[in-house]
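Asker: Prediction below, plus the sequence it came from.
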Amino acid sequence: MLSRRNLIVVAAFTIFACTLLLTSQRLNGPFGFSDHSDLGNKQQQKPQTHTSSQSHDAVVTHTSAGAAATMTVAIPQGGNNGKPSKETLQTAAVKPGCENFPDMSNIFVVLKTGASESYNRIPTQLMTNMKCVPHYEIWSDMEQTIAGQHIFDALTDVLPDVKAHGDFDIYHHQAKCPIDQEHCNKNYPTADKGWALDKYKNIHIAESNWANHSNFDWYFYIDADTYVSWPTLVEWYKRLDPSKPVYFGSIAYLANFPFGHGGSGYTVSNAGMKKMFDGKSKVANKYDEKATTTCCGDYLFAYAIKEEASLDVQQTFPTINGEKPYTMPFYDGHWCQPIATMHHAASEEIDELDKFERNRNFKGPVLIKDVFHDVIQPKLRNDHEDWDNMSDDVYYFDQTSRQFDEGETKLRKEDSKYNEAEKQAHLSFDHCRAACESLKECIQFRFGKGICSTSTAVRFGKPAEEAKEAYFQQKSGWMVQRINEWAKKHDNCGKIKFPKLQVDGEI
């Protein structure tokens, strides 16, 4: 017969066993282990992530279409002088808001900024446009960490003699700052100084990208005030062949030499990067001295890729675009094309565009007309005071009323070609509107300083300087009904056409 102590032990063990059994049942498995009966199905759904190396603190690696987003966390390694490392730590996690984001596993994105502006621009980029991008680095003229995101110093390897140049005054100035840059830069000409320093970055950044991330198909370079429609970019890249050496963007010129405008964004294929950097060392240093006598890093990059890889920039405007929605013209020649980038976007504008694409569930590609319908059209009104809608096709004014400059005179319509309404266009805002109404193609106008100006393209524009005297006040107007009818008539764009490159890679 069991003693009293033994009975207590048996009772306690029985209670423990029952509790364990109940807990196991709640966890859907024996003694707390998961039920593996559907393991085969789960393995089939496992995301196929790109395995290339990362060098930033936290980015997202996305799967093929329809799969959930996962996160790749990359931690900069100590003892590497702040340079990108090839070591990564991967962990599976869902990135909220990125479920419908396109597969960018073959694209490496590089965002360039400056320490004097980084805290104003980078947080918004990280929370919006860059949030779902899987593989990227941010480069500046000072090593920083912003909201856990590592920012690399692009100028570390610039030749010491070149670093003694006056262009590097701000570089040394901000390095000495023991507190925040905003206070250290108060009353310091950061805009001019930062611009002079920026031109040394581009080639050094690209050389590091190739050294540490040579297994991507595409290398895409943007500035901190660039907005990118990733669905459009991805859809475009699908039609191109990265094994062909190409370099393309929105072309600008310096002394008749073409280059891909950096703020609009430019692309180099894997083959192009390989041709420029593979098997070579210190390529960027070859151009450090030349940077002291030129204006721009995007120009210098074009010069270097021409020298190193015999590549010329190819024009891809307006898909790669230097305007933002409010300054962009909308007309039949700038309407049905896909648009991948927009430049000079303030943080609030980047957030607005990001919301626009999220409301579309990242459906791509985005066409220029889509930007008009979603961003511009709802804001149009009959008139807007203290506003410049950039109507600059034709000017009307009385030449005897004051002295007009050469630019104004050049745009003035000849008196002999006026209709009756145009003859009075310069008298007032209402007369200016009447002149626009009398012209079939006119869809917006502006009045101020004795000038009536009209346009056949829609632009929303920007605030004008407030004027104390009515004569100097700028007032803008739109023919809203005419614009809406035009937009509806031109809404069917047919087959989408991306810019063509001079290679055989386009499908």
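Answerer: Received the coordinates, thanks. Numbers count the residues shown, from 1 in each chain.

Asker: so which strand or helix has residue 125?
Answerer: Applying DSSP states H and E as the criterion places residue 125 in helix 118-127.

Asker: after that helix comes which helix or strand?
Answerer: Beyond helix 118-127 in the direction of the C-terminus, DSSP H and E gives the next helix or strand as strand 136-140.

Asker: Let me know the angle separating that following strand from helix 118-127.
Answerer: Using axes from the mean of the first three to the mean of the last three CA atoms, to 10 degrees, one finds that strand 136-140 and helix 118-127 are set 170 degrees apart in direction.

Asker: Are there helices or strands packed against strand 136-140, and which ones?
Answerer: strand 107-112, strand 149-153 (3 or more CB pairs under 8 Å, 6 or more residues apart in numbering; DSSP states H and E). Quick note: C-beta positions are derived from backbone N, CA and C, even for glycine.

Asker: following the last one, which helix or strand comes up?
Answerer: Beyond strand 149-153 on the C-terminal side, the first helix or strand identified by DSSP H and E is helix 160-163.

Asker: List the buried residues for that following helix?
Answerer: Of all the residues in helix 160-163, those buried under the rule 16 or more other CB atoms under 10 Å are residue 162.

Asker: now swap in stretch 173-190 and tell me
Answerer: For stretch 173-190, the buried set under the neighbour-count rule, 16+ other CB under 10 Å, comprises 173, 174, 181, 184, 185, 188, 190.

Asker: quick revisit: I'd like the average pLDDT over the helix holding residue 125.
Answerer: Model confidence over helix 118-127, given as mean pLDDT, is 96.

Asker: picking that back up, among the buried residues of stretch 173-190, name the ones in strands.
Answerer: Using DSSP state E, no member of these falls within strands.

Asker: and which of these is nearest to residue 383?
Answerer: Relative to residue 383, the closest of those is residue 190; by CB to CB it sits at 37.8 Å.

Asker: residue boundaries of the strands in the stretch 151-300 of the chain?
Answerer: Taking DSSP state E, counting those that start in this stretch as the test, the strands found in the stretch 151-300 of the chain are 218-223, 227-228, 247-249, 251-254, 257-260, 266-269.

Asker: any idea of the mean pLDDT for the last one?
Answerer: What that stands for is strand 266-269. The average pLDDT within strand 266-269 is 98.

Asker: Over to the third one?
Answerer: Model confidence over strand 247-249, given as mean pLDDT, is 98.

Asker: Can you name the residues in contact with it?
Answerer: For strand 247-249, contacts defined as CB atoms under 8 Å, 6 or more residues apart in numbering pick out 260-261, 264-269, 272, 302, 305, 309, 311-316, 320, 499, 501.

Asker: change it to 6 Å
Answerer: Residues lying outside strand 247-249 but in contact with it, judged by CB atoms under 6 Å, 6 or more residues apart in numbering, are 260, 266, 267, 268, 272, 305, 311, 313, 314, 316, 320.

Asker: Of the residues you listed, which is the nearest to residue 296?
Answerer: For the contacts of strand 247-249, the minimum distance to residue 296 (CB to CB) is 10.9 Å, reached by residue 260.

Asker: I'd like the distance between that closest one and residue 181.
Answerer: From residue 260 across to residue 181, the span is 29 Å (CB to CB, to the nearest Å).

Asker: pLDDT score for residue 253?
Answerer: Residue-level confidence at residue 253 comes out at 98, pLDDT.

Asker: again with residue 34
Answerer: Note on residue 34: pLDDT of 38.

Asker: picking up where we left off before, can you put the buried residues of stretch 173-190 in CSV and add distance to residue 486?
Answerer: Conversion of the buried residues of stretch 173-190 to CSV gives the following (distance: CB to CB, whole Å):
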residue, distance to residue 486
173, 52
174, 50
181, 47
184, 51
185, 47
188, 48
190, 43
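
Asker: Just the ones of those residues in helices?
Answerer: Using DSSP state H to define helices, the subset of those located there is 173, 174, 181, 184, 190.

Asker: Out of these, which one has the lowest pLDDT?
Answerer: Taken together, those show their lowest pLDDT at residue 184, with 81.

Asker: Please name the nearest non-neighbouring residue to it.
Answerer: Among residues not flanking residue 184 along the chain, residue 177 sits closest, at 3.6 Å (CB to CB, 6 or more residues apart in numbering).

Asker: if we can go back for a sec, how about the strands of the stretch 151-300 of the chain in a markdown table, adding mean neighbour count?
Answerer: What follows is the strands of the stretch 151-300 of the chain, written out as a markdown table (neighbours: other CB atoms under 10 Å):
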| stretch | mean neighbour count |
| --- | --- |
| strand 218-223 | 24 |
| strand 227-228 | 25 |
| strand 247-249 | 27 |
| strand 251-254 | 16 |
| strand 257-260 | 20 |
| strand 266-269 | 28 |
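
Asker: Of all these, which one is nearest residue 378?
Answerer: Of all the strands of the stretch 151-300 of the chain, it is strand 227-228 that lies closest to residue 378, at 18.5 Å by CB to CB.

Asker: Give the pairing partners of the closest one; include direction for each.
Answerer: Sheet pairing of strand 227-228 (DSSP bridges) gives strand 341-342 (antiparallel).

Asker: so after the strand it pairs with, what's the next helix or strand?
Answerer: helix 347-359.
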